[in-house]
Structure formats: structure tokens, C-alpha cells
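J.: What follows is a protein structure lacking sequence information:
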Ligand code: HEC
């Protein structure tokens, strides 16, 4: 009886077939910080990289809502599973030369196994949103140029842009709290966000950028608003 049990246990442990199943999910969630600036785990929420929701069993380069895949990844013929993802995360460039993911890979086997264990759980279609690890990226989002920005339709008055003027080398941005701030023209960026988190049409938002407080981005609902909003005026 006891010997049978031992045999069963041994068989189970030798059968553990994949790295994803041997990793530590909690540590893997920490490791996901290396990805979260570019990848969301919410279905169809694409950033620099495609959403990773529903990744296992998906063909590489085929998420219909993501428009920026490289030809290299699209034509790779890879099917994402424990093995192929382990290979991809070890050295993306080696697996798919000329792919467009700016990431050098994770060489540590344990760190990769942990990350895969977390990802396998968090990208599962039934995964609860709080398991996705995106929430803890909120604070870092601005710094890392990605991450989870707040919904710009509900932004506070100090970030709602009412007017932008341009004179010589200076933009002046007036916000809904009545304040006007001046920016050197190379320190202000103009961006668009057409997603559900983006601003309302005609109501751009200003977001601080960089560490020193001298830079910011103004985010519009669409590119044609940019020229219409900025008035040359001295
Ligand atoms: C700086 C941004 C960036 C970082 C960091 C990054 N990725 Fe990516 N990732 C991308 C881009 C862009 C693509 C699309 C690549 C292409 O089309 O060649 C991509 C593609 C992928 C794909 C293929 C998805 C598909 O639909 O075929 C997977 C899987 C992936 N990344 C996982 C990760 C993981 C896991 C991490 C963290 C260890 C990570 N990435 C880090 C930008 C990034």
C-alpha cells in the first residue's frame, strides 16, 4: 500500500512535463513587471505589444486587434505553448530573427519558469482581473512610458486641456483649473489615444512625463484635433 503510494508520487513528479508547471506563480507575477510596460493581460487591450490574454494555443502574430506585428513573427508558424514560449523568452531574436519585440530575453531558467507559471494562469480566458498583475504597474506606468494610464475621460481638471497657444519656441497650455503652463517646444509631445481609455473628442488631456516636471504629453482623441487645437498667438 505504502509502496504503491510512493510509486504514484514518483510517477506524478516525473510526469511534470513543463517548466510552466514547475514555476512559482507569485514570483512569476513579480517577473511580469519586465513585460507589463508593453503587454496587458486584458483581452484586446494592446499597447506597444499585443495583449497576452488567451496566449496559450494561439498562433504567433495572429491577434486580430493588434496591427503592429512584424512580418517575421506573422510568418513564423509558431504555436504558443509551454515549450515555444520558453524558447521565445530565452532569446526572442534567436527564435524569430527580425521580430519587433525590443527585449533581450531572460537567461535564468528559474525566473523564466516562474514567469511562465504566472502567465499560463493569468492569460487563461477565465483568469480573474486581479490576477493579471497590471494593477501593480500603475505607479510605474508614466516612468516606463507604458503601463496602465488612467482613463482620460475622467481626468481631474488640472489635466483637462482647454487651450494651447504657440509663440516662438514656446507652447502655453491652459487647463480646466484655470492655470497656464509654458513648455519649451521640444519638451511637449503630442499623442493620440483612440482606445476606450483615451480622451473625449475635443477634450485633450495633459500628462506629466519625465522626472523633472519640465516635460509633458498632450493626448488627443484623434490626430486631426492636434492642428485645430494649437493656435499660433504671441
Ligand atoms: C518594450 C516592449 C516589450 C517588452 C518589454 C516585452 N514585449 Fe513582448 N512583444 C512586444 C512587441 C512589439 C511584440 C510583437 C513582436 C513582433 O511582431 O515581432 C511582442 C510579442 C510578444 C509575444 C507574441 C505574441 C503574439 O500574439 O504572437 C509574446 C508571447 C510576448 N511578446 C511576451 C512577452 C513577455 C512575457 C515579456 C516579458 C518577459 C515581453 N513580451 C516583453 C513588445 C514587448
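T.: On my side now, so go ahead. Please read these numbers as outputs of a predicted model, since none were measured by experiment.
J.: Need the pLDDT of residue 132.
T.: pLDDT for residue 132: 45.
J.: For this structure, which segments count as strands?
T.: Applying DSSP state E to the chain gives strands spanning 161-167, 170-175, 180-184, 188-192, 205-209, 215-220, 230-232.
J.: Let me have the ones you listed in CSV, extended by mean neighbour count and distance to residue 111.
T.: Backbone N, C-alpha and C define where each C-beta goes, glycine included. Written out in CSV, the entries for the strands of the chain read as follows (neighbours: other Cβ atoms under 10 Å; distance: least, Cβ to Cβ, whole Å):
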stretch, mean neighbour count, distance to residue 111
strand 161-167, 16, 42
strand 170-175, 17, 43
strand 180-184, 14, 41
strand 188-192, 17, 33
strand 205-209, 19, 30
strand 215-220, 20, 33
strand 230-232, 12, 46
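J.: domain parsing for the chain?
T.: By the assignment in automatic domain parsing, the chain contains the domains 2-144, 155-232.
J.: Need the strands of the chain in a markdown table (columns: mean pLDDT and distance to the ligand).
T.: Below are the strands of the chain laid out as a markdown table (pLDDT from 0 to 100; distance: least, Cβ to the nearest ligand atom, whole Å):
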| stretch | mean pLDDT | distance to the ligand |
| --- | --- | --- |
| strand 161-167 | 97 | 28 |
| strand 170-175 | 96 | 28 |
| strand 180-184 | 94 | 26 |
| strand 188-192 | 97 | 17 |
| strand 205-209 | 94 | 17 |
| strand 215-220 | 97 | 18 |
| strand 230-232 | 97 | 30 |
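J.: now these as JSON lines including distance to residue 116?
T.: Output for the strands of the chain, formatted as JSON lines (distance: least, Cβ to Cβ, whole Å):
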{"stretch": "strand 161-167", "distance to residue 116": "42"}
{"stretch": "strand 170-175", "distance to residue 116": "44"}
{"stretch": "strand 180-184", "distance to residue 116": "43"}
{"stretch": "strand 188-192", "distance to residue 116": "33"}
{"stretch": "strand 205-209", "distance to residue 116": "33"}
{"stretch": "strand 215-220", "distance to residue 116": "34"}
{"stretch": "strand 230-232", "distance to residue 116": "47"}
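J.: what does the protein put close to the ligand?
T.: Applying Cβ under 6 Å from any ligand atom, we find that the chain lies next to the ligand at 34-35, 37-39, 48-50, 52, 55, 60-61, 63, 69-70, 72-73, 85, 88-89, 99-103.
J.: Tell me which of these fall in helices.
T.: Members of those lying in helices (criterion: DSSP state H): 34-35, 72-73, 85, 88-89.
J.: List buried residues within the residues you listed.
T.: Neighbour counting by 16 or more other Cβ atoms under 10 Å classes 35, 73, 85, 88-89 among these as buried.
J.: Most widely separated two among these?
T.: Greatest spatial distance in those: 35 and 73, 15.8 Å, computed using Cβ to Cβ.
J.: Sketch out the low-pLDDT regions of the chain for me.
T.: Residue ranges of the chain with pLDDT under 70: 1-21, 128-149.
J.: again, only using 50
T.: With pLDDT under 50 as the threshold, the chain has low-confidence stretches at 1, 8-16, 130-133, 135-147.
J.: thinking again about what came up before, now, of the residues of the chain next to the ligand, which are buried?
T.: 35, 37-39, 49-50, 52, 55, 60-61, 63, 69, 73, 85, 88-89, 99, 101, 103.
J.: So which of the buried ones among the ones in helices among the residues of the chain next to the ligand is the closest to the ligand?
T.: Proximity of these to the ligand (Cβ to the nearest ligand atom) peaks at residue 35, which lies at 2.7 Å.
J.: Off-centre distance for stretch 77-86?
T.: The chain centre lies 20 Å from the centre of stretch 77-86; the measure is Cα atoms, centre = their mean, to the nearest Å.
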